[in-house]
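**Student:** predicted model and sequence follow; I will ask about them next.
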Amino acid sequence: MAEAVTHYENFPVASWLCPPALRQPIAAIYGFARTADDLADEGDAQPEQRLRDLADYRAELQHIAAGNPPSPRWQKVFGPLQVQIRERALPVQLLDDLLDAFMQDIVYTRDGRTYADQRELLDYCRRSANPVGRLLLHLYGVNDARSLEQSDAICSALQLINFWQDLSVDLPRGRHYLSDEDCARFNVARTQIAGQHRSADTDRLVMHNAAAARALMMSGVPLVHTLKGRIGWELRMVVQGGLRILDKVEAQRGGSLLARATVKPWDAPLMLWRALWI
């Protein structure tokens with residue numbers, strides 16, 4: 001795991017745990033998500049330009065999904081992806097959901113919008129994170145409702161953990177993931193959060209959200225026992241990476257509002273040990 005737990009950094013790209021037969025489809029999906037993330041978040045482009053680029057990218061997805069040859073602009077992304085859509089019957093809607101979430105993030109940041117409650121935040125996670133798990137399960141031929149539900153719980157938890165880890169990074173960039181409902185519950189004003197003014201109330205707010213993310217993660221953990229072989233071990237390590245970051249967030253007792261918690265190389269043995277006994 002890298003320092004941040006994000007929805008694509010958890011792809012088992014070129015991992016020795018990844019079966020050789022799945023390396024190409026996983027790499028194609030990863031390339032698609034990574035490029036979209038770059039369009040949404042890298043460089044100096046203004047929000048309007050980012051939205052136009054993502055709209056073009058989204059149109060290209062539908063273009064190649066209909067069987068048309070990829071356009072030159074992103075041929076290296078959509079060429080391999082089209083092969084996998086055709087050969088692996090990848091659910092195009094899941095890929096489109098990722099793009100929808102990227103665009104929502106840009107609009108919310110540009111307009112200073114916030115999430116009203118946990119339901120709205122989890123709906124964002126449904127599109128920004130859950131498609132990754134569902135695409136991987138699709139490649140492994142796992143499609144029962146319980147496994148999909150548990151995968152969604154793990155992916156949404158990973159996204160939420162990333163939010164609470166990155167508060168000190170996101171807030172100066174105008175990204176607000178602490179919901180209005182939770183802020184009101186803990187008597188925290190939006191101006192206090194935006195200004196990163198730490199208090200006992202903001203500490204309780206962050207710790208509440210960290211606890212909710214842990215509970216959500218644990219509700220999905222039984223999936224590691226359902227998935228046998230390499231994918232099960234891959235998932236065990238992804239889960240433990242997320243939980244270890246959450247340990248660090250919780251150890252700060254709300255301090256992630258001001259400083260980012262990170263996983264270090266020496267955390268790996270503990271993560272591996274926990275993965276063995278999860």
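**Tutor:** Happy to help now that I have it.
**Student:** contacting residues for His63?
**Tutor:** Residues in contact with His63 (C-beta atoms under 8 Å, 6 or more residues apart in numbering) are 70-71. For glycine as for every other residue, the C-beta is placed from the backbone atoms N, C-alpha and C.
**Student:** okay, and it sits in which element?
**Tutor:** Per DSSP states H and E, His63 falls inside helix 47-65.
**Student:** continuing past that helix, what's the next helix or strand?
**Tutor:** Counting by DSSP H and E, what follows helix 47-65 is helix 75-88.
**Student:** so which bits of the very next helix or strand once past that following helix are buried?
**Tutor:** Per DSSP H and E, helix 75-88 leads on to helix 92-111 as the next helix or strand towards the C-terminus. Applying a neighbour-count criterion of 16 or more other C-beta atoms under 10 Å, one finds 94-103, 105-106, 108-109 buried in helix 92-111.
**Student:** what packs against helix 92-111?
**Tutor:** Under the contact criterion of 3 or more C-beta pairs under 8 Å, 6 or more residues apart in numbering; DSSP states H and E, helix 92-111 touches helix 20-41, helix 47-65, helix 118-128, helix 130-139.
**Student:** which other residues reach it?
**Tutor:** Defining contact as C-beta under 8 Å, 6+ apart, one finds that helix 92-111 is touched by 7, 29, 32-33, 36-37, 39-40, 47, 50-51, 54-55, 57-58, 61-62, 65, 81, 85, 113-114, 124, 126-128, 130-132, 134-135, 138, 173-176.
**Student:** of those residues, buried ones?
**Tutor:** Buried among those (16+ other C-beta under 10 Å): 7, 29, 32-33, 36-37, 39-40, 50-51, 54, 57-58, 61, 65, 81, 85, 114, 124, 126-128, 130-132, 134-135, 138, 176.
**Student:** in TSV: the buried residues of helix 92-111, plus distance to Ile231 and pLDDT.
**Tutor:** Output for the buried residues of helix 92-111, formatted as TSV (distance: C-beta to C-beta, whole Å; pLDDT from 0 to 100):
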residue	distance to Ile231	pLDDT
Leu94	17	98
Leu95	20	98
Asp96	24	98
Asp97	21	98
Leu98	20	97
Leu99	25	98
Asp100	26	98
Ala101	24	97
Phe102	26	97
Met103	30	98
Asp105	28	96
Ile106	32	97
Tyr108	33	97
Thr109	34	95
